[in-house]
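1. with the sequence up front, the predicted model follows.
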Amino acid sequence: MKQYLVVGSMVMLLASAGIYERAAFAGPLFGGRGHGRARMGDAGPGMLFPVMLQALDLTPAQKSQVADIMARHRANVEPLFKQMRAAHEAVAGKLFGPGTLTAKDLAPGIEQLGRLKQQLLQEWTQAALETRAVLTSEQLAKAAQVKQRLDALHAEMESLLGQDAAGSAAD
């Protein structure tokens, strides 16, 4: 089974349990839009990384290599998600708590979230680069074609529905 950790519009393939874990942190890595959660039509290449791998018909040896890569990175990713959730809850607690509040009061939590997000993006990028190195030149060419087609489909959806309509449908 595969486990996907969704970080806004970024996904990490983790060979494991088969569930989605969503976090309200986003980043435009690999074409994502940076929203706090996936939106209709907002499946940038980062969001589709695991699906892209499936479309590339990995060999059993490649699947094993990818599983090994993700297992190595999982040990670093899971604690980051826990820390991000705790930091997010701390900021939210202050935002929705009683009393006066200033930006200065929130700054340490926001800075911590930024550091954790950066660490997560670096870890995911390293895992993605290691995974990419497993692919053949033919698979990389096919990935580029699939990405181009998906981008065209996304643009068509935005054209038909309007950019705001596509984004607000999931809200």
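-> Here it is on my side, so go on. All figures in this text were calculated on a predicted structure; none of them were measured in a lab.

2. what's the following helix or strand after the least confident helix or strand in the chain by mean pLDDT?
-> Taking mean pLDDT, DSSP states H and E as the measure, the chain has strand 20-23 as its least confident helix or strand, at a mean of 30. Helices and strands here follow DSSP states H and E; after strand 20-23, the next one along the chain is helix 49-55.

3. what about whichever helix or strand comes after that following helix, average pLDDT?
-> Going down the chain from helix 49-55, the next helix or strand is helix 60-95, by DSSP H and E. Helix 60-95 carries an average pLDDT of 93.

4. which positions in helix 60-95 come out as buried?
-> If you call a residue buried by 16 or more other Cβ atoms under 10 Å, then helix 60-95 has these buried ones: 62, 65-66, 69-70, 73-74, 77, 80-81, 83-84, 87-88, 91. For the C-beta atoms, the positions are set from N, CA and C on the backbone; glycine is no exception.

5. repeat for stretch 101-113
-> Within stretch 101-113, the residues that count as buried by 16+ other Cβ under 10 Å are 109, 112-113.

6. switch these over to JSON lines; also include distance to residue 119, pLDDT and secondary structure.
-> Putting the buried residues of stretch 101-113 into JSON lines (distance: Cβ to Cβ, whole Å; pLDDT from 0 to 100; DSSP: H, G, I helix; E, B strand; the rest coil) gives the following:
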{"residue": "109", "distance to residue 119": "16", "pLDDT": "95", "secondary structure": "helix"}
{"residue": "112", "distance to residue 119": "11", "pLDDT": "96", "secondary structure": "helix"}
{"residue": "113", "distance to residue 119": "11", "pLDDT": "95", "secondary structure": "helix"}
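
7. let's have those residues in CSV, adding distance to residue 100.
-> What follows is those, written out as CSV (distance: Cβ to Cβ, whole Å):
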residue, distance to residue 100
109, 16
112, 22
113, 22
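
8. which one of these is nearest to residue 52?
-> residue 113 (28.1 Å; Cβ to Cβ).

9. does that closest one touch residue 91 like I think?
-> Yes - Residue 113 is within contact range of residue 91, at 7.0 Å (criterion: Cβ atoms under 8 Å).

10. what's the one helix or strand residue 108 maps to packed up against?
-> Residue 108 belongs to helix 103-134 when assigned by DSSP H and E. Judged by 3 or more Cβ pairs under 8 Å, 6 or more residues apart in numbering; DSSP states H and E, helix 103-134 is in contact with strand 10-14, helix 60-95.
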